[in-house]
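J.: A predicted structure for the sequence below; I have some questions about it.
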Amino acid sequence: METVNTCPTEVADAKATKSKSATKPKSAESASRRTPEELAAERGIDLAGVLIKGPVFRYIRGRSRQIARQAGLCKADVDDVQQILFQRICENIGQFDPEEACFLVFVTALVERYAVNIIRHHLAVKRGRRVTCPLSTIVDDDGRPAELFELIGDREQDNRTLRKSPDPRTALDLPIDVREAITTLPDDMRKLVKLLMVYSPTDLARELGVPRTTIHDRIRQLRRHLQNTALPKYF
């Protein structure tokens with residue numbers, strides 16, 4: 001039998017390569033087996049606790065009712081919507097970074113993203129089951145269906161609301177200036193802006209467990225910061 005001479009260095013390199021290839025899958029496998037509770041604990045979050053009481057639970061419960069109503073579901077479906085949102089939070093808990101935002105802000109952004117999908121899905125299902133014509137729909141001069149609000153001009157709308165509609169250029173510039181203004185804010189004020197998109201000042205004070213005067217003081221500070229941006233010209 002022919003003997004193959006192997007260099008000791010080659011043998012050592014082969015063993016090291018084999019050892020690395022053997023340990024790498026185990027590490028990846030153990031990481032993938034971590035539960036949402038373990039991932040949350042690494043980020044200082046008691047996942048089981050926040051999902052049964054406290055601000056996060058109350059926000060998800062209230063938002064579930066809104067989603068069910070907007071999707072045309074009944075009250076009995078609220079619990080199902082809530083469970084879907086809980087499941088999505090558990091699935092995405094690994095993306096939460098405590099240094100970027102508080103957990104409530106993370107949950108709010110996540111819920112709003114999935115809320116759109118839930119509402120869109122159920123409305124599409126309803127449209128597929130039956131073809132109906134809303135009472136607000138009429139036929140225009142070309143024989144096409146049109147909503148009544150589409151026939152209301154800016155002047156009539158302004159008279160009804162006692163406000164002046166922005167011109168098309170302003171309507172395009174305002175969202176851009178708002179985003180730029182928010183980027184100039186300190187981190188704590190950017191978080192405040194995100195929370196105020198979801199809560200009223202009174203509700204936010206209740207959720208954070210602080211006096212309402214504290215929230216209103218922070219809002220006044222926020223307004224002072226925004227005075228140095230391009231936003232005052234719109235008001």
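T.: The structure has been received and is ready for your questions. Quick caveat, the model's predicted, so the values are computed rather than measured.

J.: can you pull the phi and psi angles for the closest residue in space to Tyr199 that isn't next to it in sequence?
T.: The spatially closest residue to Tyr199, leaving aside those adjacent along the chain, is Glu207, at 6.2 Å (C-beta to C-beta, 6 or more residues apart in numbering). Bear in mind the C-beta positions are built from the backbone N, C-alpha and C, glycine included. Note on Glu207: backbone dihedrals following degrees, to the nearest 10 are phi -70, psi -40.

J.: counting neighbours, what do you get for Glu207?
T.: By other C-beta atoms under 10 Å, the residues close to Glu207 number 17.

J.: so who does it touch?
T.: Contact analysis of Glu207 by C-beta atoms under 8 Å, 6 or more residues apart in numbering lists 55, 58-59, 104, 199.

J.: could you dump those to JSON lines with pLDDT?
T.: Formatted as JSON lines, the contacts of Glu207 follow (pLDDT from 0 to 100):
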{"residue": "Pro55", "pLDDT": "82"}
{"residue": "Arg58", "pLDDT": "87"}
{"residue": "Tyr59", "pLDDT": "87"}
{"residue": "Leu104", "pLDDT": "84"}
{"residue": "Tyr199", "pLDDT": "78"}
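
J.: which ones are touching the closest residue to Ile119 other than its chain neighbours?
T.: Leaving aside its sequence neighbours, Ile119 sits nearest to Ala71 (C-beta to C-beta, 6+ apart; 4.5 Å). Contact analysis of Ala71 by C-beta under 8 Å, 6+ apart lists 81, 118-119, 121-123.

J.: could you check how far His121 is from Ala115?
T.: 11 Å (C-beta to C-beta, to the nearest Å).

J.: out of the two, which sits in the more crowded spot?
T.: The neighbour count for His121 versus Ala115, taken as other C-beta under 10 Å, is higher for Ala115 (19 against 11).

J.: does that one touch Arg63 like I think?
T.: Yes: proximity of Ala115 to Arg63 meets the contact threshold set by C-beta atoms under 8 Å, at 6.8 Å.

J.: reformat the contacts of Glu207 as CSV; add distance to Met189.
T.: Shown next, in CSV, are the contacts of Glu207 (distance: C-beta to C-beta, whole Å):
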residue, distance to Met189
Pro55, 19
Arg58, 24
Tyr59, 20
Leu104, 16
Tyr199, 15
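
J.: how is this protein divided into domains?
T.: Domains of the chain are assigned by automatic domain parsing as 36-129, 133-165, 166-235.

J.: which of those domains comes out lowest on mean pLDDT?
T.: Across these, domain 133-165 has the smallest mean pLDDT, namely a mean of 55.

J.: show the end-to-end separation of stretch 84-100, please.
T.: End-to-end distance for stretch 84-100, by C-alpha to C-alpha, to the nearest Å: 25 Å.

J.: tell me where this structure has strands.
T.: Along the chain, the stretches classed as strands by DSSP state E are 137-139, 145-147.

J.: who are the packing partners of the lengthiest helix in the chain?
T.: Ordering each helix of the chain by length in residues (DSSP state H) puts helix 103-129 first. Helix 103-129 makes packing contacts with helix 55-70, helix 78-92, helix 187-196 when contacts are defined by 3 or more C-beta pairs under 8 Å, 6 or more residues apart in numbering; DSSP states H and E.
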